[in-house]
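Peer 1: Got a predicted structure here, sequence first:
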Amino acid sequence: MPNIDFDLTIGDIKIPNPLVLASIAGVTNSSFAISRSVGLAMLGGYNLDEATIAAAKELVKKGRSEFAYDEPMPVIKNELGVMKSTAIIAGVNARSTTLEPLIEIAELVHQKEGILELNAHCRQPEMEAVGAGQCLTQNPTKLSEWIYEIKQTDVPLSVKVRAGVVDDIELAKTIDKAGADAIHLDTMDFGPTLVKKIRDATTLKIIANNSVVDYNSAHKMFSKGADYVSIARAAMASDAVLQGILAEVKSYQEMVGWYNAPKHICAGGDLRGLTFCCMPVKDCPLHYVLKRAGITKEEYVRVKESFNGTKLSEGSNTCFGSMVWCCKITRPCPWRDSYLQDLSFSDVEYMQLKKQLAEALLSSRNLE
């Protein structure tokens, strides 16, 4: 299969494919990461200050694997050097009870052209007792301040969180407004439904985690708005699961041109699905969704018609006179498909323009 460009970034870092190896305490180091078929590997989690290092050592005594180095910075620097020689982008998942070590590691990660991941996810009692991990999500002021200060280093920043600890949507909005680039979301029991809500409420890149074990489970996350899916336990035994998912994702991208295309709005899709909607003249879910998104009917029509300078303007005999109003390529339509054939306008080109239209529609949202 030819090399596929997924057009993926976090911050200013280009990511080769939408599979992420999640950090696994005491496991995800460079030697493990380079043996897995991912575009981004989150190394760690690493413990950066005295309190988290001490907590990690207590966990090791209880039989849990941890990266509990007394001097973590040289270790992380070496790991980033190893990853730099591969095609996989390195992320560093780190936890601390103080900001200073996070700033230091952010500067190192930025220098090595990697991605920093602030760990606001761990729920081990030993980590919570010192104020690390998911405790950070319960202090939105502190979390916002840390994100802001870390971003002053210009490092691409992901924040890993666990669903169900606090109000998930407000948490995501806090992370977005503070300036982070991505949210790494452990969806817990909320699954793709929560991914959709966060996609609609923020501009963050979304890395969706939890129970991704095959292409079907990955595709459910993608179709609700995930930019990436991350895998941990299912990747531990071998690379076979990742290889299988990546092969299917590449095949879908090559065939359709939009690997994480949304469902139609009337089928429960996220706001990106507005790109496939009709004129706002019928009694359908479109009206409710536009109101929820803070997009007026007039603005919706204006954005759609702004694409009439593209090939989507063709299709005078389609339902509303141009393909800007047409549906997803996977839904058969003899009128649309006839124009595509006559124009030598491929399914991939059609969907890539629809993706651009979706991005334009999202930019017109009112996120307040």
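Peer 2: Right, received. Where do you want to start? Numbering: from 1, shown residues only.
Peer 1: any idea how far residue 37 lies from residue 334?
Peer 2: Separation of residue 37 from residue 334 (Cβ to Cβ, to the nearest Å) stands at 39 Å. In this view, the C-beta of every residue, glycine as well, is placed from N, C-alpha and C.
Peer 1: Out of those two, name the residue with the larger neighbour count.
Peer 2: A direct count of neighbours by other Cβ atoms under 10 Å for residue 37 and residue 334 places residue 37 higher, at 18 against 6.
Peer 1: which residues touch the more buried one?
Peer 2: By Cβ atoms under 8 Å, 6 or more residues apart in numbering, the contact set of residue 37 is 19, 239, 242-243, 246.
Peer 1: Repeat that for residue 326.
Peer 2: Contacts for residue 326 (Cβ under 8 Å, 6+ apart) come out as 276, 312, 315, 318-319, 333, 336.
Peer 1: Sketch out the strands for the stretch 51-200 of the chain, chain order is fine.
Peer 2: Listed in chain order, the strands of the stretch 51-200 of the chain (DSSP state E, counting those that start in this stretch) span 89-95, 115-120, 157-162, 182-186.
Peer 1: Just put these in a markdown table and tack on distance to residue 264, mean pLDDT and mean neighbour count.
Peer 2: Shown next, in a markdown table, are the strands of the stretch 51-200 of the chain (distance: least, Cβ to Cβ, whole Å; pLDDT from 0 to 100; neighbours: other Cβ atoms under 10 Å):
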| stretch | distance to residue 264 | mean pLDDT | mean neighbour count |
| --- | --- | --- | --- |
| strand 89-95 | 33 | 98 | 28 |
| strand 115-120 | 33 | 98 | 28 |
| strand 157-162 | 29 | 98 | 27 |
| strand 182-186 | 23 | 98 | 25 |
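Peer 1: Looking at the ones you listed, spot the one closest to residue 217.
Peer 2: strand 182-186 (14.2 Å; Cβ to Cβ).
Peer 1: Where does the record place the domain boundaries for this protein?
Peer 2: The chain breaks down into these domains under automatic domain parsing: 8-256, 265-363.
Peer 1: Show me where the stretch 101-250 of the chain dips below the pLDDT cut-off.
Peer 2: Within the stretch 101-250 of the chain, no range satisfies pLDDT under 70.
Peer 1: what number of residues lie near residue 230?
Peer 2: Using other Cβ under 10 Å, residue 230 has 28 other residues around it.
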